[in-house]
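Enquirer: Build the 3D model from these lines:
(chains A and B, ligands or ions: 4)
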Amino acid sequence: MGKLNIGDKVILSPQGLQQLIKTLWEEGYTVIGPRLGDGAIVYGEVRSIEDLPEGWGDEQEAGRYRLRRRGDKALFGYNLGPDSWKRFLHPPRILLWKAEKTPKGFRITHNGHEAPRYAFLGVRACELHAIRIQDKVFLQGRYKDPIYMSRRANTLIITVNCTEAGRTCFCASMGTGPKAHEGFDISLTEVTGDEHYFLAEVGSERGSEILERIEYRAAARDEVSEAEERVSRAAESMGRSLQTEGLKELLYQNYEHPRWDEVAERCLTCGNCTLVCPTCFCTTVEEVTSLDGGSSERWRVWDSCFSLQFSYIHGGSVRASPKSRYRQWLTHKLATWQDQFGEIGCVGCGRCITWCPVGIDITEEVKAIRENAVKKV
Amino acid sequence: MGKPKIAVWKFASCDGCQLSMLDLEDELLEIADHVEIAYFLEASRAVVKGPYDISLVEGSVSTPEEVERIRRVRRMSKYLITIGACATAGGIQALRNFRNVREFMSIVYAKPEYIDTLEKSTPISHHVKVDFELRGCPINKYQLLEVLNAFLNGRKPNIPSYSVCMECKMRGNVCVMVAKGIPCLGPVTQAGCGAICPSYQRGCYGCFGPKETPNTGSLSDWWMRLGVPREDVVRAFRGFNAYAEEFRKEGERLGE
Ligand code: SF4
Ligand code: SF4
Ligand code: SF4
Ligand code: SF4
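Expert: Residues are numbered from 1 along each chain as shown, chains lettered A, B, ... in the order given. Ligands and ions are numbered 1, 2, ... in the order given. Sure, this is the predicted structure:
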């Protein structure tokens, strides 16, 4: 077959997908994709299509997740689990540098980072959006994060559009899904039924080079429309929604809304919502000395605005009350993020709703504030 | 300057935390290079007299003799660090604090008149000033190493007081409460163990005691929604850290 151009659409069989995975490994990529974990779909190394969660789906509600058998052979028939790609681009714990004491001061002995070469398989549209939000956080402006930068530059992205939405999803109202429009190397849409195939769209030069090395065939017009039809059905079956109009002003004018007290009664300040959120980026640094104090390591570790240490300054924590911590989280995601990075910091993936141990729902909280706002926006 | 002198003391306890220290094996040799282990009966009968730079105290105060002894230890120590749930919260033996200890004595012992005990088992901090409390039943040996290291180097120990959930998520576990409906104390319990139980498909038992600002009431409500009977929720809070203030109050609130 001839050369593929950006925007071209072709059909892959499941065998073609198998070849795609194999080719990526041969090209030196570590392929990360969905796998069946202990009770949920998680992201891990995928060496063949056998590793993918064939026939598995899930049911989600606020504070509740259950795997379920779908009754078909879908490889990507699940909605999001607790993992996000930030685990790989912005790892939970990473060594920044090491230093040794010298007679005059200290000497840096390690500050290099070996960036792995990842191929992400199965990135959802909202997740791609979240990666692009983190790109702004880490790469925009004067101080760029070298760890994120090198990992991100090495990463190949294969999106898989959602053909079903979860009960806690609200990407449609955030304008981030369910279809990925740009920013991928290859985009897939899975169609199950009498024939099991993937509609593949080329998103980049790198993507076309990889696709050219595997078996594909031309896409018939009805195959394209069938795939598109399924994606739009996902948009209509969205479990939740969030009204974003005037959101920033609404929240800025309602810092003293009684709803914050009510949610603080329930909130455990456990931090789960921030760690599962694909856009939350906060970290702390830990200094680890050797026993004799002759050398030291500096580690960067995920932190959360729900911890007291997060806002600790001399004399105590600025956000001592759980109320102020929940308010920080919600208003950062939806309002102050806009001032900071020029867009909303939430992509509507629903993870914080499903994985909150007591089922606190960001869309419900906003609704309650809107209904009873000091000043309606 | 000579090597700092360290002493390890035992009060009412099972010795498990001291064993965690012996368990450090490789690191223990390095520790011995930098400090003088001056008093550690679990490891050696050789004793060097005080004062000591750091005293590690295991166990709770549960007899009149111990009340006196902890005061002597305090006087001999520059820094006093308590280790484990007994020393920091009163331990499992503090379950007697919720009952009449005289009754137990008459049931358990043939000659209760030989027993000299206090009404309550209490944490060391109820009796003397404590410089740092290291939680756990037992403690995590790497956390102990970190605390010693920090004190020796005059820096802040990296011992977070946030939830077990933070460690659980960083480790990449799937939440057992959300995905399986297994009741878990992780959201109200302080990190430190590395979320061991959820890593093996069990709910957290609360070995490290209450986290900072724990919302025990909200978690209890959720457990009951998951179908856990009220008396079992009380039992969950009445574990190794039953007498830690927030767990004690939650147990009492639900028990009423
Ligand atoms: S705030 Fe919640 S719904 Fe929004 S991106 Fe984060 S985890 Fe997803
Ligand atoms: S919501 Fe909290 S943890 Fe997330 S990015 Fe904002 S401050 Fe950081
Ligand atoms: S909103 Fe839920 S997940 Fe987030 S800190 Fe509160 S209880 Fe934990
Ligand atoms: S399993 Fe337990 S400790 Fe882990 S996130 Fe869930 S509630 Fe928290």
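
Enquirer: I figured residue B:217 hits residue B:253, correct?
Expert: Yes - checked against Cβ atoms under 8 Å, the pair residue B:217 and residue B:253 is within contact range at 7.1 Å. Every residue, glycine included, has its C-beta placed from N, CA and C.

Enquirer: More neighbours: which of the two?
Expert: Using other Cβ atoms under 10 Å in any protein chain shown, the more surrounded residue of residue B:217 and residue B:253 is residue B:217, with 16 against 13.

Enquirer: quick check, the helix or strand hosting that one touching ligand 3?
Expert: For residue B:217, the element it lies in under DSSP states H and E is helix B:216-225. No - using Cβ under 6 Å from any ligand atom, helix B:216-225 stays clear of ligand 3, coming no nearer than 7.6 Å.

Enquirer: Provide the contact partners of that helix at residue level.
Expert: Residues outside helix B:216-225 that contact it (Cβ atoms under 8 Å, 6 or more residues apart in numbering or on different chains): A:63, A:265-268, A:357-359, B:183, B:185, B:187-188, B:210, B:230, B:233, B:236-237, B:246-247, B:249-250, B:253-254.

Enquirer: Can you name the next helix or strand after it?
Expert: Immediately after helix B:216-225, counting by DSSP H and E, sits helix B:230-237.

Enquirer: Please pull up the helix or strand immediately following that following helix.
Expert: Counting by DSSP H and E, what follows helix B:230-237 is helix B:245-255.

Enquirer: which residues touch that next one?
Expert: Here helix B:245-255 makes contact (Cβ under 8 Å, 6+ apart) with B:89, B:98, B:188, B:206, B:209-210, B:214, B:216-217, B:220, B:230, B:233-234, B:237-239, B:241-242.

Enquirer: buried subset of those residues?
Expert: B:89, B:188, B:206, B:209-210, B:214, B:216-217, B:220, B:233-234, B:237-239, B:241-242 (16 or more other Cβ atoms under 10 Å in any protein chain shown).

Enquirer: what helices or strands is the least confident helix or strand in chain A by mean pLDDT leaning on?
Expert: Ranking every helix and strand in chain A by mean pLDDT, DSSP states H and E puts strand A:106-110 at the bottom, with a mean of 92. With contacts defined as 3 or more Cβ pairs under 8 Å, 6 or more residues apart in numbering or on different chains; DSSP states H and E, the packing partners of strand A:106-110 are strand A:93-101.

Enquirer: by contact count, what packs against the strand it packs on?
Expert: strand A:106-110, strand A:295-302.

Enquirer: Tell me if the last one is near chain B.
Expert: Yes - Strand A:295-302 lies in contact with chain B when judged by Cβ under 8 Å from any Cβ of the partner chain; the contacting residues are A:301, A:302.

Enquirer: so how far is that strand from its chain's centroid?
Expert: 25 Å (Cα atoms, centre = their mean, to the nearest Å).

Enquirer: for chain B, what spans make up the strands?
Expert: Remark: strands assigned in chain B by DSSP state E are B:5-10, B:36-40, B:52-58, B:77-83, B:132-134.

Enquirer: need the ones you listed in JSON lines with distance to residue A:20, can you?
Expert: As requested, the strands of chain B are exported to JSON lines (distance: least, Cβ to Cβ, whole Å):
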{"stretch": "strand B:5-10", "distance to residue A:20": "59"}
{"stretch": "strand B:36-40", "distance to residue A:20": "59"}
{"stretch": "strand B:52-58", "distance to residue A:20": "57"}
{"stretch": "strand B:77-83", "distance to residue A:20": "54"}
{"stretch": "strand B:132-134", "distance to residue A:20": "51"}
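
Enquirer: which one of those has the most crowded surroundings?
Expert: Ranked by mean neighbour count, those are led by strand B:52-58 with a mean of 25 (mean count of other Cβ atoms under 10 Å in any protein chain shown).

Enquirer: Who does that one pair with, and is each partner parallel or antiparallel?
Expert: Sheet pairing for strand B:52-58, assigned by DSSP bridges, gives strand B:5-10 (parallel), strand B:77-83 (parallel).

Enquirer: Where does the residue lying farthest from the centre of chain A sit, in terms of helix or strand?
Expert: For chain A, the C-alpha farthest from the mean C-alpha position belongs to residue A:103; by Cα atoms, centre = their mean, that distance is 46.1 Å. Under the criterion of DSSP H and E, residue A:103 resides outside all helices and strands.

Enquirer: Can you give me the distance of it to residue A:176?
Expert: With the distance defined as Cβ to Cβ, to the nearest Å, residue A:103 ends up 55 Å from residue A:176.

Enquirer: can you map out the helices along the stretch 51-200 of chain A?
Expert: Here the stretch 51-200 of chain A has its helices, by DSSP state H, counting those that start in this stretch, at A:86-89, A:125-139, A:146-154, A:171-174.

Enquirer: buried residues in stretch B:202-209?
Expert: Applying 16+ other Cβ under 10 Å to stretch B:202-209 flags B:203, B:204, B:205, B:206, B:207, B:208, B:209 as buried.

Enquirer: Are that stretch and chain A in contact anywhere?
Expert: No - using Cβ under 8 Å from any Cβ, stretch B:202-209 stays clear of chain A, with a minimum separation of 10.9 Å.

Enquirer: Can you tell me what sits against that stretch?
Expert: Counting by Cβ under 8 Å, 6+ apart, residues outside stretch B:202-209 touching it are B:85, B:88-89, B:135-137, B:164, B:176-177, B:182-186, B:188-193, B:195, B:197-198, B:236-237, B:239-241, B:244, B:247.

Enquirer: tell me the contacts of the residue in the stretch 151-256 of chain B that ligand 3 sits nearest to?
Expert: Ligand 3 sits closest to residue B:187 of the stretch 151-256 of chain B, with a gap of 6.4 Å, by Cβ to the nearest ligand atom. The neighbours of residue B:187, taking Cβ under 8 Å, 6+ apart as the test, are A:268, A:270, A:272, A:357, A:358, B:163, B:164, B:165, B:214, B:215, B:219.
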